[in-house]
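# Sharing a model that was predicted from the sequence below.
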Amino acid sequence: MMWHSILADTTSTFWLPVRASEAAPKIDWLFNVILWINIFFTALIAILMFLFIIRYRHRPGNEEGAVGGHNNALEITWTVIPTIIVCFIYYWGFKGFLHAAVEPPAAYEITATGKMWNWSFQYPNGYIGNELHVPPDVPVRVVLRSEDVIHDLYVPAFRVKKDVTPGRYNRLWFTATVPGTYDLYCAMYCGQNHSVMRSSAVVHQNQSDFDDWLKKASDPRDGIKTYIDIGKMIYSTRGCAGCHSLTGGKIVGPSWMDMWGSTVPLKGGASVKADEAYVRESILKPAAKIHQGFPNVMPSFEGQMKDYELESVMGLMKSISSHASAEEKQAAALPVPKASDKK
């Protein structure tokens, strides 16, 4: 179809995001068809209104003419033509809906979890990251779940968008076709930091490139990194940066600066020392002890973080705390041995 090629077969567009999935050209084609139908009839109506205003305007000395009567041909015309157009749009729209609703049986499955205010993506080998990575030309099924409120996973370049609802699972699928890095958003207002709940969808060059990335990402210790290095990586990739500063500033949660080794005031009047037990509990069971002056919105990472990752977060906190001892800071700067992985 010539118009299909003209309107949909390029990866860049004039007013729509880049097309990077198998379904995007078809969706854009229907969008553009509807758009140009609207432009045509809007222009037609505007021109006719202008001509009628000129032709039938009131002029001194002109007598009022006869009132127009019923015209069956005109009634049939402006009923049949819109009906045909609407049926055409419905057919192609429903066809696209069925395509989006019926998943390929052998799709690569990734679980996406939305929580205030970050995304986490779990891959079949158990690795969890905050970016969506996929191989090209492979159907990908994303299972959606929320840990708190309603979110919405939206990747404009893939033309996919689906609500992420607490207490139930939802799903979407796509086949990415153009390697690159694309914006990923939460498209449902979900609270104070909704605007920062964004990530990236990365389409790798080929299957081998994706496999290499997943292998390296699954265990960052292969590159001989310290607890501080891995702690910084977790801080930036697990959504910690959206709630906790490293410089002493207050965001949603308390700053990690000078927290380690300090006395933390708790809701209700008690207090606790910020040591290994407190930090671990705060990450895995955040509702157990609420820091005074901060809301209870911290999501649980229980079952999502390995022991060395928890220790790396502690290492980062030790490195920026004036309450940490010299020995603790030295230990935080040591490489993380693979033998420390107890999970």
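Perfect, I can see it now.
# Backbone dihedrals for residue 185, please?
Dihedral pair for residue 185: phi -130, psi 160, per degrees, to the nearest 10.
# Counting neighbours, what do you get for the residue nearest to it when sequence neighbours are not counted?
Distances taken as Cβ to Cβ, 6 or more residues apart in numbering put residue 154 closest to residue 185, at 4.7 Å, once the chain neighbours are dropped. Every residue, glycine included, has its C-beta placed from N, CA and C. Per other Cβ atoms under 10 Å, the neighbour tally for residue 154 reads 19.
# same deal with the one 3 residues further on?
Neighbourhood size, residue 157 [other Cβ under 10 Å]: 23.
# quick check, it in a helix?
Yes - assessed with DSSP: H, G, I helix; E, B strand; the rest coil, residue 157 lies in a helix.
# Okay, it and residue 140: tell me how far apart.
Look at residue 157 and residue 140: by Cβ to Cβ, to the nearest Å, they are 14 Å apart.
# go on, residue 78?
Where residue 140 is concerned, residue 78 sits at a distance of 45 Å (Cβ to Cβ).
# higher neighbour count, those two?
Legend: neighbour count by other Cβ under 10 Å for residue 78 and residue 140, higher for residue 140 (24 against 10).
# Quick one: residues contacting that one.
Shown in contact with residue 140 (Cβ atoms under 8 Å, 6 or more residues apart in numbering): 107-110, 134, 173-176.
# cool, residue 256 as well?
244-246, 316-317, 320-321.
# show me where pLDDT drops low in the stretch 151-300 of the chain?
222-224 (pLDDT under 70).
# which stretches of it form strands?
151-155, 160-164, 170-175, 180-186, 198-203, 263-265, 271-273 (DSSP state E, counting those that start in this stretch).
# before we move on, the earlier item: dump the contacts of residue 256 into JSON lines; add distance to residue 164 and neighbour count as well.
What follows is the contacts of residue 256, written out as JSON lines (distance: Cβ to Cβ, whole Å; neighbours: other Cβ atoms under 10 Å):
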{"residue": "244", "distance to residue 164": "23", "neighbour count": "20"}
{"residue": "245", "distance to residue 164": "27", "neighbour count": "16"}
{"residue": "246", "distance to residue 164": "29", "neighbour count": "16"}
{"residue": "316", "distance to residue 164": "29", "neighbour count": "24"}
{"residue": "317", "distance to residue 164": "30", "neighbour count": "26"}
{"residue": "320", "distance to residue 164": "33", "neighbour count": "20"}
{"residue": "321", "distance to residue 164": "35", "neighbour count": "20"}
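# Save the residues you listed as TSV, and put in distance to residue 337 too.
Converted to TSV, those look like this (distance: Cβ to Cβ, whole Å):
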residue	distance to residue 337
244	27
245	30
246	25
316	17
317	20
320	23
321	23
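# and which of these is nearest to residue 21?
Nearest to residue 21 out of these is residue 244 (Cβ to Cβ; 34.6 Å).
# and the closest one, how far is that from residue 320?
11 Å.
# do the same with residue 292
Distance from residue 292 to residue 320, by Cβ to Cβ: 21 Å.
# So residue 113, which state does it fall into?
Quick answer, by three-state DSSP: residue 113 is strand.
# so how many other residues sit close to residue 29?
Residue 29 has 20 nearby residues by other Cβ under 10 Å.
# typo on my end, it should be residue 335
13.
# Dihedrals phi and psi, it?
Dihedral angles (degrees, to the nearest 10) for residue 335: phi -60, psi 150.
# Go ahead and confirm it touches residue 226.
Yes - assessed by Cβ atoms under 8 Å, residue 335 is found in contact with residue 226 at 5.6 Å.
# follow-up on the earlier one: for residue 234, find the nearest of the strands of the stretch 151-300 of the chain.
For these, the distance to residue 234 is smallest for strand 198-203, at 15.1 Å, taking Cβ to Cβ.
# Using PDB, write out every CA atom in that closest one.
Only the C-alpha atoms of strand 198-203 are listed here, as PDB (Å, rounded to 0.1, in the frame of the first residue of the first chain):
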ATOM      1  CA  ARG A 198      11.800   7.500  34.400                       C
ATOM      2  CA  SER A 199      14.300   5.100  33.000                       C
ATOM      3  CA  SER A 200      15.700   3.800  29.600                       C
ATOM      4  CA  ALA A 201      14.800   1.000  27.300                       C
ATOM      5  CA  VAL A 202      18.000  -0.300  25.600                       C
ATOM      6  CA  VAL A 203      17.900  -2.300  22.400                       C
END
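# For it, which helices and strands make contact with it?
Secondary-structure packing of strand 198-203 (3 or more Cβ pairs under 8 Å, 6 or more residues apart in numbering; DSSP states H and E): strand 132-134, strand 180-186.
# What are the boundaries of the strands in the stretch 1-150 of the chain?
108-115, 118-122, 128-129, 132-134, 139-146.
# quick check: angle from the longest helix anywhere in the chain to strand 170-175?
For the chain, the longest helix by residue count, based on DSSP state H, is helix 24-55. For helix 24-55 against strand 170-175, the angle by axes from the mean of the first three to the mean of the last three Cα atoms, to 10 degrees is 100 degrees.
# Check the chain for me, the residue farthest from its geometric middle.
The centre of the chain is farthest from one residue, residue 61, which by Cα atoms, centre = their mean lies 67.2 Å away.
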